[in-house]
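Q: 3D model of this:
(one chain, ligands or ions: 1)
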Amino acid sequence: MTYTIESAQNIFSGTQIPSPIPATIALFDQLSVDDRLAYLWYAYTEMGRTITPAAPGAARLQLAEGLLTQIKQMSPEEQTKVMRDLANRIDTPINRSYGFFSVNTKLAFWYELGELMKQGIVAPIPTGYQMSPGVKVVLEATQKLDPGQQITVLRNTVVDMGFDTSDLAPSSSRKSAEPVFERTEPITTNVKIEGINEPAVLQYVEAMNADNFAAAIALFTANGALQPPFQKPIVGHEAIAKYMREEAQGLNMMPKQGICEVQPDGSKQVKVTGVVQTPWFGVNVGMNIAWRFLIDPQGKIFFVAIDMLASPQELLNLRRM
Ligand code: EQ3
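A: Numbers count the residues shown, from 1 in each chain. Here you go, the predicted structure:
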């Protein structure tokens, strides 16, 4: 074998042109805690209107119910403190519970808090809050992003809140099954990608669009890896399956075109670009995405990286670099 995960990460390296997403998040991180919460309020009230109403689902809210009930019973001052603590990422019991939530449960938790804020059950942005120049700068930077990038900034800032529990062992009570996202789009079978007839790639998209993660995992080598946008590779069947159950449900993948290059050792490097929709926003928001696959000589996926494209023009950039 002439490749490793490290070398695979560098295939089609021209895809990895600097994204404005981490730059916008870095600006957000410099804001004071109240400014962060206010930024999210303004950004979300713009974007949140396009959330598909069915997205959070009662089942998903159930996992956050204990915390939401606790917050509802608090005084407005205490509620504000909980939200500040979450944005400050300090170590509190509530921040730990939040830290153990899956990505979609964190989003559902804030979705519900937003609804409760609108209804006056949870404290809104403090009256008399004056938008600081810093918030304006981050909002302007956000407005320049395409909608797929905007919802990624929202998602990543919400996911980073609370206490980082990655080094703590989850207790058995937290092992509840990930609730199912209802699909808003018909399942696409018989996937066609211009320029690509590699079975592993076509079958991957077909399986993912049916939430058939077992079928998708079976396409990977035992030591295969999946690298989500802005993250480190997730290695091995078990870890990838867990990740997919938590984060890949209900996605609608619409790959458009690609190139496939056969290497001297028989492995193939495949780059595909297209659009992905999340069940949160349904058909309202499309994210421009590239998949970079390394397929081993036996036709199995050794590595796939998913990159958010910096601009829609990048969809057509299939040149080797
Ligand atoms: C209440 C309010 C408004 C104010 C308060 O002060 C603070 C906060 C936080 C508030 C609430 C904010 C809320 C409710 C924000 C909600 C944001 C949401 C729902 C964002 C959702 C974004 C979803 C995204 C960006 C999904 C992206 C998925 C991708 C790119 C999937 C890619 C994948 C592919 C294509 C694969 O092939 C493999 C799997 C993988 C998942 C990597």
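Q: up against the ligand, what does the stretch 151-300 of the chain have?
A: 151-152, 154-155, 158, 208, 228-229, 247-248, 251, 253, 276, 278, 280, 287, 289 (C-beta under 6 Å from any ligand atom). Any C-beta I mention is one placed from the backbone N, CA and C, and that applies to glycine too.
Q: now restrict the residues you listed to buried residues only.
A: Neighbour-count burial (16 or more other C-beta atoms under 10 Å) applied to those gives 151-152, 154-155, 158, 208, 228-229, 248, 251, 253, 276, 278, 280, 287, 289.
Q: mind listing which of these are in strands?
A: Among these, the members falling in strands (DSSP state E) are 253, 276, 287, 289.
Q: the third one contacts residue 153, correct?
A: No - here residue 287 lies out of contact with residue 153, judged by C-beta atoms under 8 Å, at a distance of 11.9 Å.
Q: mutual contacts of those two, please.
A: Here residue 287 and residue 153 share no contacting residue, scored by C-beta atoms under 8 Å, 6 or more residues apart in numbering.
Q: where do the helices of the chain begin and end?
A: For the chain, the helices defined by DSSP state H cover 5-9, 20-29, 33-47, 57-72, 76-88, 93-100, 103-118, 133-143, 147-159, 199-209, 213-217, 237-247.
Q: which other residues reach the second one?
A: Looking back up the chat, that one is helix 20-29. Helix 20-29 is contacted by residues 36, 39, 134, 137-138, 141-142, 144-145, 149, 152-153, 156-157, 230, 308, 310 when judged by C-beta under 8 Å, 6+ apart.
Q: can you check the fourth one too?
A: Surrounding helix 57-72, the residues in contact under the criterion C-beta under 8 Å, 6+ apart are 79, 82, 94, 97-98, 101-102, 104-105, 108-109, 112-113, 116, 121-122, 176, 179-182.
Q: counting neighbours, which of these end up buried?
A: 79, 82, 94, 97-98, 101-102, 104-105, 108-109, 112-113, 116, 122, 179, 181.
Q: and the residue nearest to residue 55 when sequence neighbours are not counted, what does it touch?
A: Leaving aside its sequence neighbours, residue 55 sits nearest to residue 280 (C-beta to C-beta, 6 or more residues apart in numbering; 4.6 Å). If you count contacts by C-beta under 8 Å, 6+ apart, residue 280 has them with 51, 52, 55, 107, 151.
Q: show me the contacts for the first one.
A: The contact partners of residue 51, taken as C-beta under 8 Å, 6+ apart, are 111, 280, 281.
Q: thought the last one was touching residue 151?
A: Yes - contact criterion C-beta under 8 Å: residue 281 and residue 151 qualify, at 6.2 Å.
Q: give the residues shared as contacts by those two.
A: residue 47.
Q: low pLDDT regions in the stretch 1-150 of the chain?
A: Applying pLDDT under 70 to the stretch 1-150 of the chain flags the ranges 1, 15-17.
Q: mind splitting this protein into its structural domains?
A: Following automatic domain parsing, the chain resolves into domains at 5-18+180-316, 31-159.
Q: how about residue 86, what does it touch?
A: Contacts for residue 86 (C-beta under 8 Å, 6+ apart) come out as 94, 95, 98, 161, 162.
Q: let's go with 10 Å and repeat that
A: Contacts here follow C-beta atoms under 10 Å, 6 or more residues apart in numbering; on that basis residue 86 touches 33, 36-37, 92, 94-95, 98-99, 106, 109-110, 113, 158, 161-163.
Q: now residue 294
A: 3, 5, 7-9, 11-12, 221, 224-225, 263, 267-270, 300-305.
Q: buried subset of these, written for PyMOL?
A: In PyMOL, a selection of the buried entries from the contacts of residue 294 looks like this (16+ other C-beta under 10 Å):
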select buried, resi 3+5+8+9+11+12+221+224+225+267+268+269+270+301+302+303+304+305
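Q: quick one: which of the contacts of residue 294 sit in strands?
A: 221, 224, 225, 268, 269, 270, 301, 302, 303, 304, 305.
Q: turn those into TSV, columns for distance to residue 69 and pLDDT.
A: Listed next are these as TSV, based on distance: C-beta to C-beta, whole Å; pLDDT from 0 to 100:
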residue	distance to residue 69	pLDDT
221	45	98
224	41	98
225	40	98
268	52	97
269	51	97
270	48	97
301	43	98
302	46	98
303	43	98
304	40	98
305	40	97
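Q: what stretches of the stretch 151-300 of the chain score poorly on pLDDT?
A: For the stretch 151-300 of the chain, the ranges with pLDDT under 70 are 170-176, 184-189.
Q: repeat that for 50
A: Within the stretch 151-300 of the chain, no stretch falls below the threshold (pLDDT under 50).
Q: quick one: name the residues of the stretch 1-150 of the chain near the ligand.
A: So the stretch 1-150 of the chain meets the ligand at 37, 40, 41, 44, 83, 107, 110, 111, 113, 114, 117 (C-beta under 6 Å from any ligand atom).
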